[in-house]
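[1] Starting from these lines, generate the structure:
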Amino acid sequence: MRRAIVTAVAVAVTAVLAGCAPEAQLSPLERAKSVNQSKHVAQLFADRPEVVDDVLGIKTTRLFFPASETLVLSDATVEAQLRAASIAVATNAPMMVYDPGRHAEYARMIADMHTVTVLTVGDVSIAPSSGAVRVRRDPGGLRALEEMTALRFVERTVDEPGDAVREVASLDQREPTWIRAAWADPVVLPAAKPEPLPIQSRRDANMAPRVVATWESSIPSVANARSYGATVSVVPLPDPRKSEETLFAMAGLSDLPLVALGSQFGTSEVLAHRIRQAEAAY
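    Now for the predicted structure:
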(Lines give C-alpha, C1' and ligand atoms only; values in the text may rest on other atoms or scores of the structure.)
Protein backbone atom coordinates (compact mmCIF):
# COMPACT_ATOMS: atom_id res chain seq x y z
CA MET A 1 0.00 0.00 0.00
CA ARG A 2 2.78 2.35 1.02
CA ARG A 3 4.68 1.55 -2.20
CA ALA A 4 1.57 2.34 -4.26
CA ILE A 5 1.19 5.73 -2.56
CA VAL A 6 4.87 6.55 -3.16
CA THR A 7 4.54 5.54 -6.79
CA ALA A 8 1.42 7.68 -7.25
CA VAL A 9 3.15 10.70 -5.72
CA ALA A 10 6.18 10.21 -7.94
CA VAL A 11 3.98 10.04 -11.03
CA ALA A 12 2.14 13.20 -9.99
CA VAL A 13 5.38 15.10 -9.37
CA THR A 14 6.75 13.95 -12.72
CA ALA A 15 3.59 15.14 -14.48
CA VAL A 16 3.80 18.55 -12.80
CA LEU A 17 7.46 18.94 -13.70
CA ALA A 18 6.74 17.86 -17.27
CA GLY A 19 3.99 20.44 -17.48
CA CYS A 20 6.34 23.18 -16.23
CA ALA A 21 9.19 22.28 -18.55
CA PRO A 22 7.90 24.02 -21.70
CA GLU A 23 7.34 27.26 -19.75
CA ALA A 24 10.88 27.08 -18.36
CA GLN A 25 12.22 26.65 -21.89
CA LEU A 26 10.52 29.75 -23.27
CA SER A 27 12.79 32.56 -24.43
CA PRO A 28 12.37 36.03 -22.85
CA LEU A 29 10.54 37.11 -26.01
CA GLU A 30 8.13 34.17 -25.87
CA ARG A 31 7.44 34.80 -22.20
CA ALA A 32 6.70 38.46 -22.96
CA LYS A 33 4.34 37.40 -25.76
CA SER A 34 2.57 34.99 -23.44
CA VAL A 35 2.00 37.68 -20.80
CA ASN A 36 0.91 40.34 -23.30
CA GLN A 37 -1.48 38.06 -25.18
CA SER A 38 -3.12 36.62 -22.06
CA LYS A 39 -5.01 39.84 -21.29
CA HIS A 40 -8.71 40.08 -22.16
CA VAL A 41 -9.45 43.57 -23.53
CA ALA A 42 -12.79 45.36 -23.63
CA GLN A 43 -14.48 45.78 -27.02
CA LEU A 44 -14.24 49.54 -26.53
CA PHE A 45 -10.72 49.37 -28.00
CA ALA A 46 -9.42 48.60 -31.47
CA ASP A 47 -8.28 45.01 -32.08
CA ARG A 48 -4.88 46.18 -33.36
CA PRO A 49 -2.12 48.61 -32.33
CA GLU A 50 -3.37 52.19 -32.17
CA VAL A 51 -1.10 55.24 -32.00
CA VAL A 52 -2.84 58.15 -30.29
CA ASP A 53 -1.12 61.52 -30.74
CA ASP A 54 -2.83 63.56 -28.05
CA VAL A 55 -1.17 66.68 -26.67
CA LEU A 56 -4.30 68.09 -25.00
CA GLY A 57 -5.88 64.89 -23.75
CA ILE A 58 -8.92 65.29 -25.99
CA LYS A 59 -8.42 62.08 -27.99
CA THR A 60 -7.66 59.89 -24.97
CA THR A 61 -10.65 61.33 -23.12
CA ARG A 62 -12.82 60.23 -26.06
CA LEU A 63 -11.09 56.85 -26.12
CA PHE A 64 -11.23 56.00 -22.43
CA PHE A 65 -14.20 58.08 -21.22
CA PRO A 66 -17.18 58.16 -23.63
CA ALA A 67 -19.16 59.33 -20.58
CA SER A 68 -17.96 60.97 -17.39
CA GLU A 69 -19.74 62.93 -14.68
CA THR A 70 -16.54 64.80 -13.82
CA LEU A 71 -13.73 66.41 -15.81
CA VAL A 72 -10.46 68.09 -14.80
CA LEU A 73 -9.20 70.94 -17.02
CA SER A 74 -5.73 72.43 -16.56
CA ASP A 75 -3.74 75.20 -18.15
CA ALA A 76 -0.75 74.30 -20.32
CA THR A 77 1.95 74.63 -17.64
CA VAL A 78 3.58 71.41 -16.47
CA GLU A 79 2.91 72.24 -12.82
CA ALA A 80 -0.83 72.60 -13.46
CA GLN A 81 -0.91 69.45 -15.59
CA LEU A 82 0.79 67.47 -12.82
CA ARG A 83 -1.75 68.61 -10.24
CA ALA A 84 -4.66 67.98 -12.61
CA ALA A 85 -3.32 64.50 -13.39
CA SER A 86 -2.99 63.76 -9.67
CA ILE A 87 -6.62 64.75 -9.08
CA ALA A 88 -7.91 62.96 -12.17
CA VAL A 89 -6.26 59.63 -11.37
CA ALA A 90 -7.34 59.76 -7.70
CA THR A 91 -10.98 60.42 -8.70
CA ASN A 92 -11.06 58.18 -11.81
CA ALA A 93 -11.84 61.17 -14.03
CA PRO A 94 -10.51 62.32 -17.41
CA MET A 95 -8.29 65.39 -17.73
CA MET A 96 -7.60 67.75 -20.60
CA VAL A 97 -5.39 70.78 -21.17
CA TYR A 98 -7.46 73.83 -21.99
CA ASP A 99 -6.84 75.68 -25.27
CA PRO A 100 -8.98 78.86 -25.44
CA GLY A 101 -9.06 78.63 -29.25
CA ARG A 102 -10.96 75.33 -29.02
CA HIS A 103 -13.50 76.33 -26.40
CA ALA A 104 -16.48 75.16 -28.48
CA GLU A 105 -14.94 71.69 -28.81
CA TYR A 106 -14.60 71.36 -25.03
CA ALA A 107 -18.22 72.49 -24.61
CA ARG A 108 -19.39 69.82 -27.07
CA MET A 109 -17.38 67.14 -25.32
CA ILE A 110 -18.76 68.11 -21.93
CA ALA A 111 -22.28 67.81 -23.35
CA ASP A 112 -21.53 64.50 -25.11
CA MET A 113 -20.01 62.98 -21.95
CA HIS A 114 -22.92 64.21 -19.82
CA THR A 115 -20.42 65.91 -17.52
CA VAL A 116 -21.89 67.80 -14.57
CA THR A 117 -18.78 68.88 -12.65
CA VAL A 118 -15.68 70.52 -14.16
CA LEU A 119 -12.67 71.36 -11.99
CA THR A 120 -10.21 73.86 -13.48
CA VAL A 121 -6.59 73.85 -12.36
CA GLY A 122 -4.37 76.87 -12.96
CA ASP A 123 -5.05 79.74 -15.32
CA VAL A 124 -8.09 78.37 -17.17
CA SER A 125 -10.31 81.14 -18.50
CA ILE A 126 -13.67 79.56 -17.71
CA ALA A 127 -15.71 81.32 -15.06
CA PRO A 128 -17.11 79.38 -12.10
CA SER A 129 -20.79 78.49 -12.49
CA SER A 130 -23.47 76.47 -10.75
CA GLY A 131 -25.87 75.73 -13.61
CA ALA A 132 -26.46 72.43 -15.39
CA VAL A 133 -22.68 72.10 -15.51
CA ARG A 134 -20.89 73.12 -12.31
CA VAL A 135 -17.50 74.74 -12.93
CA ARG A 136 -15.18 74.98 -9.94
CA ARG A 137 -11.69 76.36 -9.50
CA ASP A 138 -8.96 74.49 -7.66
CA PRO A 139 -7.68 76.60 -4.73
CA GLY A 140 -4.32 74.82 -4.60
CA GLY A 141 -2.51 73.19 -1.71
CA LEU A 142 -2.61 69.78 -0.10
CA ARG A 143 -5.45 70.48 2.31
CA ALA A 144 -7.79 71.51 -0.51
CA LEU A 145 -7.26 68.18 -2.25
CA GLU A 146 -8.47 66.36 0.83
CA GLU A 147 -11.39 68.72 1.36
CA MET A 148 -12.54 68.35 -2.27
CA THR A 149 -12.23 64.58 -2.48
CA ALA A 150 -12.43 63.36 1.15
CA LEU A 151 -9.28 61.37 0.35
CA ARG A 152 -5.98 61.53 2.23
CA PHE A 153 -3.31 62.65 -0.22
CA VAL A 154 0.43 62.38 0.12
CA GLU A 155 2.81 64.72 -1.67
CA ARG A 156 5.63 63.68 -4.01
CA THR A 157 7.96 66.23 -5.58
CA VAL A 158 9.13 66.19 -9.19
CA ASP A 159 12.41 68.02 -9.74
CA GLU A 160 12.50 68.13 -13.54
CA PRO A 161 9.76 68.45 -16.19
CA GLY A 162 11.37 65.54 -18.05
CA ASP A 163 10.40 63.24 -15.18
CA ALA A 164 6.71 64.21 -15.33
CA VAL A 165 5.42 61.43 -17.59
CA ARG A 166 7.08 58.65 -15.62
CA GLU A 167 5.71 60.07 -12.37
CA VAL A 168 2.17 60.28 -13.76
CA ALA A 169 2.43 56.74 -15.12
CA SER A 170 3.33 55.53 -11.62
CA LEU A 171 0.27 57.08 -9.95
CA ASP A 172 -1.73 54.51 -7.98
CA GLN A 173 -5.48 55.04 -7.77
CA ARG A 174 -5.49 53.38 -4.34
CA GLU A 175 -2.87 55.81 -2.96
CA PRO A 176 -3.91 59.41 -3.77
CA THR A 177 -0.77 61.40 -4.50
CA TRP A 178 -0.15 65.01 -5.46
CA ILE A 179 2.76 65.07 -7.86
CA ARG A 180 4.04 68.54 -7.07
CA ALA A 181 6.43 70.44 -9.32
CA ALA A 182 9.50 71.62 -7.41
CA TRP A 183 9.84 74.76 -9.52
CA ALA A 184 6.32 76.24 -9.16
CA ASP A 185 2.74 75.66 -8.08
CA PRO A 186 -0.21 76.26 -10.42
CA VAL A 187 -1.75 79.71 -10.57
CA VAL A 188 -4.81 80.12 -8.34
CA LEU A 189 -7.53 82.34 -9.81
CA PRO A 190 -10.05 84.39 -7.79
CA ALA A 191 -13.18 82.70 -6.43
CA ALA A 192 -11.37 79.39 -5.99
CA LYS A 193 -12.55 77.35 -3.02
CA PRO A 194 -12.51 73.65 -2.06
CA GLU A 195 -15.91 72.31 -3.06
CA PRO A 196 -16.78 68.59 -3.17
CA LEU A 197 -15.57 66.72 -6.26
CA PRO A 198 -17.35 63.39 -6.88
CA ILE A 199 -15.22 60.26 -7.17
CA GLN A 200 -16.19 57.95 -10.01
CA SER A 201 -15.91 54.17 -10.10
CA ARG A 202 -12.84 52.67 -11.73
CA ARG A 203 -13.60 51.87 -15.37
CA ASP A 204 -11.33 49.14 -16.68
CA ALA A 205 -12.62 46.02 -14.80
CA ASN A 206 -9.18 44.52 -15.60
CA MET A 207 -9.91 44.76 -19.33
CA ALA A 208 -7.71 47.72 -20.29
CA PRO A 209 -5.37 47.29 -23.26
CA ARG A 210 -1.61 47.35 -23.01
CA VAL A 211 -0.56 51.04 -23.01
CA VAL A 212 2.94 52.29 -23.79
CA ALA A 213 4.46 55.76 -23.56
CA THR A 214 7.82 57.53 -23.62
CA TRP A 215 9.03 60.69 -21.89
CA GLU A 216 7.76 62.55 -24.99
CA SER A 217 4.15 61.48 -24.41
CA SER A 218 1.75 64.09 -23.08
CA ILE A 219 0.82 64.23 -19.40
CA PRO A 220 -2.97 64.21 -20.02
CA SER A 221 -2.80 61.18 -22.32
CA VAL A 222 -0.92 59.17 -19.70
CA ALA A 223 -3.21 60.44 -16.94
CA ASN A 224 -6.32 59.38 -18.87
CA ALA A 225 -4.99 55.86 -19.32
CA ARG A 226 -4.18 55.65 -15.60
CA SER A 227 -7.55 57.17 -14.64
CA TYR A 228 -9.26 54.48 -16.68
CA GLY A 229 -7.21 51.87 -14.84
CA ALA A 230 -4.68 50.86 -17.50
CA THR A 231 -1.08 50.17 -16.61
CA VAL A 232 1.20 52.48 -18.61
CA SER A 233 4.66 51.17 -19.50
CA VAL A 234 7.11 54.02 -20.08
CA VAL A 235 9.64 52.60 -22.55
CA PRO A 236 13.06 54.09 -23.35
CA LEU A 237 12.55 54.25 -27.13
CA PRO A 238 9.42 54.21 -29.29
CA ASP A 239 10.85 51.76 -31.85
CA PRO A 240 10.76 48.10 -30.69
CA ARG A 241 13.54 47.29 -33.16
CA LYS A 242 15.94 49.50 -31.21
CA SER A 243 15.12 48.57 -27.63
CA GLU A 244 14.63 45.15 -26.07
CA GLU A 245 12.57 46.68 -23.25
CA THR A 246 10.26 48.32 -25.80
CA LEU A 247 9.98 45.06 -27.75
CA PHE A 248 9.03 43.06 -24.65
CA ALA A 249 6.35 45.65 -23.78
CA MET A 250 4.76 45.16 -27.24
CA ALA A 251 5.65 41.55 -28.06
CA GLY A 252 2.85 39.53 -29.60
CA LEU A 253 0.60 42.55 -30.08
CA SER A 254 1.15 43.39 -33.75
CA ASP A 255 -2.42 42.19 -34.46
CA LEU A 256 -3.95 42.72 -31.01
CA PRO A 257 -5.05 45.70 -28.88
CA LEU A 258 -2.21 48.06 -27.96
CA VAL A 259 -2.36 51.81 -27.31
CA ALA A 260 0.80 53.85 -27.93
CA LEU A 261 0.71 57.43 -26.69
CA GLY A 262 2.40 59.91 -29.02
CA SER A 263 3.42 60.49 -32.63
CA GLN A 264 6.96 59.31 -31.81
CA PHE A 265 5.63 55.75 -32.24
CA GLY A 266 4.83 56.44 -35.92
CA THR A 267 1.47 55.53 -37.42
CA SER A 268 -0.56 52.57 -36.19
CA GLU A 269 0.40 50.58 -39.28
CA VAL A 270 4.09 51.45 -38.95
CA LEU A 271 4.15 50.40 -35.31
CA ALA A 272 2.54 47.03 -36.07
CA HIS A 273 5.11 46.44 -38.82
CA ARG A 274 7.99 47.37 -36.53
CA ILE A 275 6.78 44.93 -33.87
CA ARG A 276 6.78 42.10 -36.42
CA GLN A 277 10.24 43.10 -37.67
CA ALA A 278 11.64 43.26 -34.15
CA GLU A 279 10.22 39.85 -33.26
CA ALA A 280 11.67 38.29 -36.42
CA ALA A 281 15.12 39.78 -35.74
CA TYR A 282 15.23 38.84 -32.04
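[2] alpha carbons only for contacts and neighbour counts from here, please
    Noted.
[3] Which residue ranges of this structure form strands?
    For the chain, the strands defined by DSSP state E cover 49-52, 70-74, 95-97, 117-121, 129-130, 134-137, 154-158, 177-181, 210-213, 232-234, 258-261.
[4] Quick one, which of the ones you listed gets closest to Ala32.
    strand 210-213 (12.2 Å; Cα to Cα).
[5] Starting from that closest one, tell me which strands it pairs with and how they run.
    Here strand 210-213 is paired, per DSSP bridges, with strand 232-234 (parallel), strand 258-261 (parallel).
[6] can you pull out the helices in the stretch 1-150 of the chain?
    Assigned by DSSP state H, counting those that start in this stretch, the helices in the stretch 1-150 of the chain fall at 2-24, 28-37, 58-64, 78-91, 103-112, 142-149.
[7] Please spell out the segments of this structure that come in under the pLDDT threshold.
    1-24, 205 (pLDDT under 70).
[8] Can you give me the neighbour number for Ala150?
    Number of residues near Ala150 (other Cα atoms under 10 Å) recorded here: 13.
[9] Then Val165?
    Val165: 23 neighbours (other Cα under 10 Å).
[10] Who are the contact partners of it?
    Thr214, Trp215, Glu216, Ser217, Ser218, Ile219, Val222, Val234 (Cα atoms under 8 Å, 6 or more residues apart in numbering).
[11] Could you check how far the residue nearest to the second one when sequence neighbours are not counted is from Val158?
    The one in question is Trp215. In space, and not counting its chain neighbours, Trp215 is closest to Val165: 5.7 Å by Cα to Cα, 6 or more residues apart in numbering. The gap separating Val165 from Val158 is 10 Å, by Cα to Cα, to the nearest Å.
[12] go on, Ile126?
    From Ile126 to Val158 the distance is 28 Å (Cα to Cα).
[13] Repeat that for Val116.
    32 Å.
[14] Break this structure into its domains for me.
    Annotated domains of the chain cover 28-65+203-282, 66-201 [automatic domain parsing].
[15] which of the contacts of Val165 lies closest to Arg143?
    Of the contacts of Val165, the one sitting nearest to Arg143 (Cα to Cα) turns out to be Ile219, at 23.4 Å.
[16] Show the contacting residues for the closest one.
    Val55, Gln81, Leu82, Ala85, Ala164, Val165, Val168.
[17] Phe248: which of those residues is nearest?
    Val165 (20.0 Å).
[18] Let me see the contact set for the nearest residue to Pro220 once chain neighbours are set aside.
    If the residues on either side of it in the chain are set aside, Pro220 comes closest to Gly57, at 4.8 Å by Cα to Cα, 6+ apart. The contact partners of Gly57, by Cα under 8 Å, 6+ apart, come to Met95, Met96, Val97, Ser218, Pro220, Ser221, Asn224.
[19] wait, Lys193 sits on Pro139?
    Yes. Using Cα atoms under 8 Å, Lys193 is in contact with Pro139, at 5.2 Å.
[20] More neighbours: which of these two?
    Comparing Lys193 with Pro139 by other Cα under 10 Å, the one with more neighbours is Pro139, at 23 against 16.
[21] quick one, what contacts the residue lying closest to Glu279 once chain neighbours are set aside?
    The shortest distance from Glu279 to any non-neighbouring residue, by Cα to Cα, 6+ apart, is to Ala251 (7.1 Å). Residues near Ala251 by Cα under 8 Å, 6+ apart: Leu29, Ala32, Lys33, Asn36, Ile275, Glu279.
[22] Tell me which residues touch the fourth one, please.
    In this case it means Asn36. Per Cα under 8 Å, 6+ apart, neighbours of Asn36: Arg210, Ala249, Met250, Ala251, Gly252, Leu253.
[23] what's the distance between Ile219 and Ser34?
    Counting by Cα to Cα, the gap from Ile219 to Ser34 is 30 Å.
[24] Just list the residues touching the closest residue to Gln277 other than its chain neighbours, thanks.
    In space, and not counting its chain neighbours, Gln277 is closest to Arg241: 7.0 Å by Cα to Cα, 6+ apart. Shown in contact with Arg241 (Cα under 8 Å, 6+ apart): Leu247, Arg274, Ile275, Gln277, Ala278.
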